[in-house]
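**Student:** What would the 3D arrangement of this be:
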Amino acid sequence: MKAALLTGIKKIEVREIPEPELTTDTDVLVRVGAVGVCGSDIHYYSEGGIGDQIVRYPFIVGHECSGTVEKAGASVRRLKPGDRVAVDPAIVCGTCDQCLAGRPNTCRRLLYLGTPEQLSGALCERIVVPEENAFLLPAELTLEEGVLVEPLTIAVHGLKLAGEPVPDTVAVLGAGPIGLSVLLAARAAGVRAVYVTDKIDSRVEAARKAGASWAGNPDREDIAARMRSLSPEGLDAVFECCGDQSAFDQAIDILKPGGRLLIIGIPAVDRISFDIHVLRRKELSLHNVRRQRFSVREAIDLIRNKKVDVRFMATHTFALAEARQAFEIAAGYRDGVIRAIIRP
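**Tutor:** Numbering: from 1, shown residues only. This next block holds a predicted model:
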């Protein structure tokens with residue numbers, strides 16, 4: 001079968017590789033129909049790694065994916081050939097202390113699609129995953145919507161971590177697919193005011209159209225001053241979705257005392273910093289959001305029930321042979337791209 005492999009920094013080659021095979025009776029063989037080019041994929045493409053996760057070439061990335069079941073193991077009961085599925089890329093052990101505590105997203109032996117030293121990715125024609133990682137897509141959902149289930153699951157999980165009841169006022173710093181998904185999930189959950197920022201004007205406009213109470217570009221105005229004018233007492237929660245130091249600084253500035261900072265973005269550097277005096281005086285809480293936890297079906301239902309519409313994020317579509325072009329457009333934030341989709 002064909003696959004798009006990273007072969008060096010900013011190098012991708014389409015090659016023939018062996019077909020995958022079912023290894024256990026609980027596996028399914030999925031013909032990959034669509035793959036999203038995620039921010040983490042861009043890190044691997046542009047920088048060769050994220051922290052200590054270093055790419056060893058050649059390597060296949062890609063974890064946001066959907067497709068069609070071609071073959072099912074003998075013990076598979078929920079799926080059959082022909083079923084269209086969204087894939088949860090996190091394969092967990094189910095037996096460690098984290099899994100038993102209901103925290104599979106921090107599984108001690110977690111294996112993630114398209115992650116160095118873990119699992120090969122989905123930028124190929126077929127993959128094999130456990131049945132429990134393949135979620136049936138309703139007939140009315142497209143494969144592109146199936147790809148966008150994955151970032152929406154992170155948003156749903158992050159919103160749960162913001163506490164109950166849902167926050168009244170929220171800022172989303174960074175309007176890529178994750179940040180826009182947080183906006184959609186927050187609106188669906190009943191958050192009264194959602195303010196969104198991004199340094200790319202087309203994404204600011206996308207946030208406005210998607211329901212942001214206000215959206216702006218931090219390169220063009222004083223974001224903190226504007227948000228203080230909109231919510232003088234400060235915000236209940238801020239979702240940092242870009243991994244930028246300036247966004248962390250803005251977050252602690254605009255949070256109200258007792259507010260919560262949810263960290264979703266992946267910084268390009270190994271360390272970030274905070275003004276500890278502001279943190280302690282306001283008694284702010286910091287919460288890292290590690291992917292998602294039991295949120296896939298909920299995300300699918302949000303799309304199926306038309307509580308959210310993710311389709312506007314699938315802005316560009318490419319064939320597998322055009323994978324490098326897809327990565328270049330996504331890495332350069334060119335042509336109004338939000339999520340580039342590759343169709344193997």
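**Student:** pretty sure Arg339 contacts Val37?
**Tutor:** Yes: judged on C-beta atoms under 8 Å, Arg339 makes contact with Val37 at a distance of 7.1 Å. Glycine gets a C-beta too; all of them are placed from N, C-alpha and C.
**Student:** Those two: which is more packed in?
**Tutor:** A direct count of neighbours by other C-beta atoms under 10 Å for Arg339 and Val37 places Val37 higher, at 27 against 24.
**Student:** hang on, that one packs against Arg324?
**Tutor:** No: using C-beta under 8 Å, Val37 is not in contact with Arg324; the gap is 10.8 Å.
**Student:** Now do the lowest-mean-pLDDT helix or strand in the chain: everything it contacts.
**Tutor:** Lowest by mean pLDDT, DSSP states H and E among the helices and strands of the chain is strand 49-50, with a mean of 91. Under the criterion C-beta atoms under 8 Å, 6 or more residues apart in numbering, residues 40, 43-44, 55, 116, 266 lie in contact with strand 49-50.
**Student:** What does Gly179 show for phi and psi?
**Tutor:** Here is the backbone geometry of Gly179 (degrees, to the nearest 10): phi -60, psi -40.
**Student:** Could you report the neighbour count for it?
**Tutor:** 26.
**Student:** now do Ala331
**Tutor:** There are 18 residues near Ala331, going by other C-beta under 10 Å.
**Student:** With adjacent residues omitted, what lies nearest to it?
**Tutor:** In space, and not counting its chain neighbours, Ala331 is closest to Ile42: 4.9 Å by C-beta to C-beta, 6 or more residues apart in numbering.
**Student:** list the contacts for that neighbour?
**Tutor:** Ile42 neighbours (C-beta under 8 Å, 6+ apart): 327, 330-331.
**Student:** Keep only those of those residues that are in helices.
**Tutor:** Judged by DSSP state H, the subset of these located in helices is 327, 330-331.
**Student:** Which of these sits closest to Gly211?
**Tutor:** Ala330 (24.0 Å; C-beta to C-beta).
**Student:** Next one: the closest one from Lys307, what distance?
**Tutor:** Counting by C-beta to C-beta, to the nearest Å, the gap from Ala330 to Lys307 is 27 Å.
**Student:** between the two, which one's more packed in?
**Tutor:** Ranked by neighbour count (other C-beta under 10 Å), Ala330 and Lys307 place Ala330 first, with 26 against 13.
**Student:** is it true that that one touches Val337?
**Tutor:** Yes: with contact defined as C-beta under 8 Å, Ala330 and Val337 form a contacting pair (5.7 Å).
**Student:** who touches both of the two?
**Tutor:** With C-beta under 8 Å, 6+ apart as the test, Ala330 and Val337 both reach His316.
**Student:** just the helices in this protein please.
**Tutor:** 39-47, 97-100, 143-161, 177-189, 201-209, 223-230, 245-254, 276-282, 296-304, 323-331.
**Student:** what packs against the third one?
**Tutor:** With contacts defined as 3 or more C-beta pairs under 8 Å, 6 or more residues apart in numbering; DSSP states H and E, helix 143-161 has these neighbours: strand 27-36, strand 64-72, strand 84-87, helix 177-189, helix 296-304, strand 314-319, strand 339-343.
**Student:** Alpha carbons of the longest one, in PDB - could you do that?
**Tutor:** Once non-C-alpha atoms are left out, helix 177-189 reads as follows in PDB (Å, rounded to 0.1, in the frame of the first residue of the first chain):
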ATOM      1  CA  PRO A 177      -9.000  23.800  15.000                       C
ATOM      2  CA  ILE A 178      -8.600  23.100  18.800                       C
ATOM      3  CA  GLY A 179      -9.400  26.700  19.800                       C
ATOM      4  CA  LEU A 180     -12.300  26.900  17.400                       C
ATOM      5  CA  SER A 181     -13.500  23.500  18.700                       C
ATOM      6  CA  VAL A 182     -13.400  24.900  22.300                       C
ATOM      7  CA  LEU A 183     -15.500  27.900  21.100                       C
ATOM      8  CA  LEU A 184     -18.100  25.500  19.600                       C
ATOM      9  CA  ALA A 185     -18.100  23.200  22.600                       C
ATOM     10  CA  ALA A 186     -18.400  26.200  25.000                       C
ATOM     11  CA  ARG A 187     -21.300  27.600  23.000                       C
ATOM     12  CA  ALA A 188     -23.100  24.200  23.000                       C
ATOM     13  CA  ALA A 189     -22.600  23.900  26.800                       C
END
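**Student:** Now do the buried residues in stretch 289-308.
**Tutor:** 289-293, 295-296, 298-300, 302-303, 308 (16 or more other C-beta atoms under 10 Å).
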